[in-house]
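S.K.: what would the 3D arrangement of this be:
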Amino acid sequence: MLEYVIYMLPLLILLGGISCFALINFTQDETNKCFKFCRVLLTICLISIAIFYNKPLMAGLTVANHFTIVFEMWLYLSALLVLYISRKWFVNMKQNGSRFCYALLLAVLSGSLLIVSKNLALTGGAIALLIFGNIRILQTDTTNKQSFSPNRIYQSSALVCLIILFASIALLYHYGHHFTYSKVNLFLGMAIGEPLIFVATAGVVICFMFLLSAAPLHYWLTENSARVSLPVFSYFLLVPSGICLAAFIRFVLNVLPPLNSAFALFFVGVAFMSVFVGAVGACSGQNIRKILAYGYVFQIGIIILVLQHFNIFAARTALTYWFVAWMAMLGAIISLYSLKSRGEYLSMLVEYAGAKDKCPLIALMLTFCLFSMMGLPPLIGAVGYFGVLNNLAFNNHFYALVYILLMLLVIAYAYLQIIKSINFDDNRNNFDRYDKGVAILLCVISALMMILVFHPYYLLEQPWIMELVNE
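M.R.: Residues are numbered from 1 along each chain as shown. Prediction:
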């Protein structure tokens with residue numbers, strides 16, 4: 001019994017932290033204290049998971065292997081990063097950060113369960129909890145008088161998503177009598193050609209597409225990005241993406257293979273639409289956060305396009321590309337925290353004009369990250385794009401390869417507009433002095449990206465992915 005409690009320690013710590021934040025009303029003056037408390041809880045959980053990485057949290061419901069430990073550790077490190085950079089915003093804007101910490105712990109708890117789940121019922125419950133955590137994150141934005149609007153958009157779309165998800169899971173259980181991924185996989189193999197079973201499975205896939213913000217289910221993310229505060233924006237682009245991608249890849253490889261031929265065309269359609277919407281949408285706005293949000297939709301489209309093959313090699317390529325894109329997005333978002341004028345964080349492209357003159361290091365890092373998102377050699381982004389294009393060429397999808405290259409040129413125009421504004425336009429703002437801690441973090445990230453450029457096998461060699469099959 002004691003051994004089982006020890007294995008459950010990370011979840012128990014998170015539940016305790018969530019309860020504390022729910023019961024204790026931290027004041028505005030205690031923002032630093034609540035962030036420190038949250039950081040200590042996440043650090044303890046990270047250490048516990050690193051020690052007991054090969055022990056499943058709940059036997060029969062979860063799995064523990066190198067794939068899950070990689071993404072669980074990534075989840076906690078991402079949450080710690082978001083806490084670190086967000087604290088600056090809450091302190092500078094004199095806002096109470098306790099609700100943000102509470103919502104972030106909720107998201108980490110649900111994400112941890114979603115990553116290790118091998119049971120459809122647990123997956124559905126974890127997704128519902130993650131959506132609730134996202135709603136609470138949106139409710140922390142008290143600086144925007146119209147903050148109810150982004151939350152209402154997300155709530156209405158998430159409610160429809162959850163109805164579809166639980167109806168689909170109920171149908172699969174009704175006909176298959178099992179929730180476990182491996183059992184559902186066997187049932188789908190025997191039920192090929194049954195329209196209702198295909199529709200039920202598609203319902204679960206659509207829910208994952210919503211969480212990943214794939215087009216045409218991207219609206220809640222791209223429209224909210226221009227309205228919410230910077231911490232909320234950074235959370236949505238950095239934390240849920242990896243959680244949902246890890247869970248989605250495990251679902252694709254362990255449940256969907258019997259329906260490969262039926263879903264391949266669906267994946268291609270969603271991918272093409274996401275790439276198009278992301279590229280065109282990024283070029284149609286002047287809000288830099290909205291441009292980055294559309295860039296994220298573009299990246300998700302490429303990942304879904306690669307996953308159409310439902311095999312280990314596709315998963316390896318998708319994960320390599322995602323990690324490279326995530327690193328570049330992290331650097332870009334941290335740069336946004338460093339560029340403010342008269343205490344106000346900037347959002348419109350014209351406000352960043354001439355940033356190079358006042359903040360050369362930040363402007364250089366943002367330029368570096370944007371070029372990486374475009375896949376410009378020899379930057380780290382080229383490694384991810386090379387893997388994707390190589391995968392498409394190997395599978396004779398030359399039409400998709402040409403399409404990706406064309407859309408990459410389109411979205412490159414949006415990124416080049418940002419680069420032009422910060423480096424070549426006339427200065428229009430007196431930028432505040434940036435925080436040294438953030439500058440150091442940017443240097444660490446750029447150094448890591450350079451190491452991966454010169455030693456790409458750290459990205460390309462992923463033996464732990466083999467553990468995804470037959471869990």
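
S.K.: now the element after the helix or strand that contains Val383, going C-ward?
M.R.: Per DSSP states H and E: Val383 is located in helix 381-394. Going down the chain from helix 381-394, the next helix or strand is helix 398-424, by DSSP H and E.

S.K.: that older thread, other SSEs contacting the helix holding Val383?
M.R.: Contacts defined by 3 or more C-beta pairs under 8 Å, 6 or more residues apart in numbering; DSSP states H and E place helix 381-394 against helix 288-306, helix 312-338, helix 360-373, helix 398-424, helix 457-460. C-beta here means a position set from N, CA and C on the backbone, and glycine is covered the same way.

S.K.: dump those helices into a markdown table; add mean neighbour count as well.
M.R.: Converted to a markdown table, these look like this (neighbours: other C-beta atoms under 10 Å):
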| stretch | mean neighbour count |
| --- | --- |
| helix 288-306 | 26 |
| helix 312-338 | 23 |
| helix 360-373 | 22 |
| helix 398-424 | 17 |
| helix 457-460 | 13 |
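
S.K.: could you tell me the least trusted of the ones you listed?
M.R.: With a mean of 58, helix 457-460 has the lowest mean pLDDT of those.

S.K.: output stretch 434-444 as PDB - backbone C-alpha positions only.
M.R.: Extracted in PDB, the C-alpha atoms of stretch 434-444 (Å, rounded to 0.1, in the frame of the first residue of the first chain):
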ATOM      1  CA  TYR A 434      14.700  44.200 -20.400                       C
ATOM      2  CA  ASP A 435      15.000  41.800 -17.500                       C
ATOM      3  CA  LYS A 436      18.500  40.200 -17.200                       C
ATOM      4  CA  GLY A 437      17.000  36.900 -16.100                       C
ATOM      5  CA  VAL A 438      14.900  36.700 -19.300                       C
ATOM      6  CA  ALA A 439      18.000  37.600 -21.300                       C
ATOM      7  CA  ILE A 440      20.000  34.800 -19.700                       C
ATOM      8  CA  LEU A 441      17.100  32.400 -20.500                       C
ATOM      9  CA  LEU A 442      17.200  33.500 -24.100                       C
ATOM     10  CA  CYS A 443      20.900  32.800 -24.300                       C
ATOM     11  CA  VAL A 444      20.500  29.300 -22.800                       C
END
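
S.K.: list the buried ones in it?
M.R.: By neighbour count on 16 or more other C-beta atoms under 10 Å, the buried set for stretch 434-444 is Tyr434, Val438, Ala439, Leu441, Leu442.

S.K.: what about Ser261, neighbour count?
M.R.: By other C-beta atoms under 10 Å, the residues close to Ser261 number 9.

S.K.: nope, Asn65 is what I meant
M.R.: 16.

S.K.: now swap in Ile249 and tell me
M.R.: By other C-beta under 10 Å, neighbour count at Ile249 equals 24.

S.K.: next one: Val232
M.R.: 26.

S.K.: what's the answer for Asn260, then?
M.R.: 14.

S.K.: can I get the CA coordinates of stretch 358-372 in PDB?
M.R.: Taking Å, rounded to 0.1, in the frame of the first residue of the first chain, the C-alpha atoms of stretch 358-372 are listed here in PDB:
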ATOM      1  CA  LYS A 358      17.100  49.800 -28.200                       C
ATOM      2  CA  CYS A 359      17.200  46.000 -27.500                       C
ATOM      3  CA  PRO A 360      19.700  44.500 -30.000                       C
ATOM      4  CA  LEU A 361      20.000  41.100 -28.100                       C
ATOM      5  CA  ILE A 362      16.200  40.600 -28.000                       C
ATOM      6  CA  ALA A 363      15.700  41.600 -31.600                       C
ATOM      7  CA  LEU A 364      18.500  39.300 -32.700                       C
ATOM      8  CA  MET A 365      17.000  36.300 -30.800                       C
ATOM      9  CA  LEU A 366      13.500  37.000 -32.100                       C
ATOM     10  CA  THR A 367      14.900  37.200 -35.700                       C
ATOM     11  CA  PHE A 368      16.800  34.000 -35.000                       C
ATOM     12  CA  CYS A 369      13.700  32.200 -33.900                       C
ATOM     13  CA  LEU A 370      11.500  33.500 -36.800                       C
ATOM     14  CA  PHE A 371      14.100  32.300 -39.400                       C
ATOM     15  CA  SER A 372      14.200  29.000 -37.600                       C
END
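
S.K.: ok, which of the helices and strands packed on helix 381-394 comes nearest Leu253?
M.R.: Closest approach to Leu253 among the helices and strands packed on helix 381-394 (C-beta to C-beta): helix 312-338, 6.2 Å.

S.K.: now the angle between helix 288-306 and that closest one, please.
M.R.: Inter-element angle recorded for helix 312-338 and helix 288-306: 170 degrees (by axes from the mean of the first three to the mean of the last three C-alpha atoms, to 10 degrees).

S.K.: for the next helix or strand after helix 312-338, name the packing helices and strands.
M.R.: The helix or strand immediately downstream of helix 312-338 is strand 340-341, counting by DSSP H and E. Here strand 340-341 touches no other helix or strand, going by 3+ C-beta pairs under 8 Å, 6+ apart.

S.K.: what mean pLDDT does strand 340-341 get?
M.R.: On average, strand 340-341 scores 78.

S.K.: what does the next helix or strand along the chain from that strand rub up against?
M.R.: Sequence order places strand 344-345 as the next helix or strand after strand 340-341, per DSSP H and E. Contact with strand 344-345 is made by Trp89, Met93, Leu230, Leu336, Tyr337, Leu339, as judged by C-beta atoms under 8 Å, 6 or more residues apart in numbering.

S.K.: now do the helix holding Val383 against helix 398-424, angle only.
M.R.: Using the same axes, to 10 degrees, the inter-axis angle of helix 381-394 relative to helix 398-424 is 170 degrees.

S.K.: quick check: buried residues in helix 381-394?
M.R.: By 16+ other C-beta under 10 Å, the buried positions in helix 381-394 come out as Gly381, Ala382, Val383, Gly384, Tyr385, Phe386, Gly387, Val388, Leu389, Asn391, Leu392.

S.K.: distance of Leu11 from Met365?
M.R.: Separation of Leu11 from Met365 (C-beta to C-beta, to the nearest Å): 36 Å.

S.K.: next one: Phe323
M.R.: Taking C-beta to C-beta, one finds Phe323 at 18 Å from Met365.

S.K.: where is the longest helix in the chain?
M.R.: Counting by DSSP state H, the longest helix found in the chain is helix 148-176.

S.K.: alpha carbons only: can I get stretch 268-275 in CSV?
M.R.: Provided in CSV are the C-alpha atoms of stretch 268-275 (Å, rounded to 0.1, in the frame of the first residue of the first chain):
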residue,chain,number,x,y,z
VAL,A,268,-4.6,14.7,-45.4
GLY,A,269,-7.6,17.0,-45.7
VAL,A,270,-7.3,18.4,-42.2
ALA,A,271,-3.5,18.9,-42.7
PHE,A,272,-3.9,20.7,-46.0
MET,A,273,-6.6,23.0,-44.5
SER,A,274,-4.5,23.7,-41.4
VAL,A,275,-1.4,24.5,-43.4
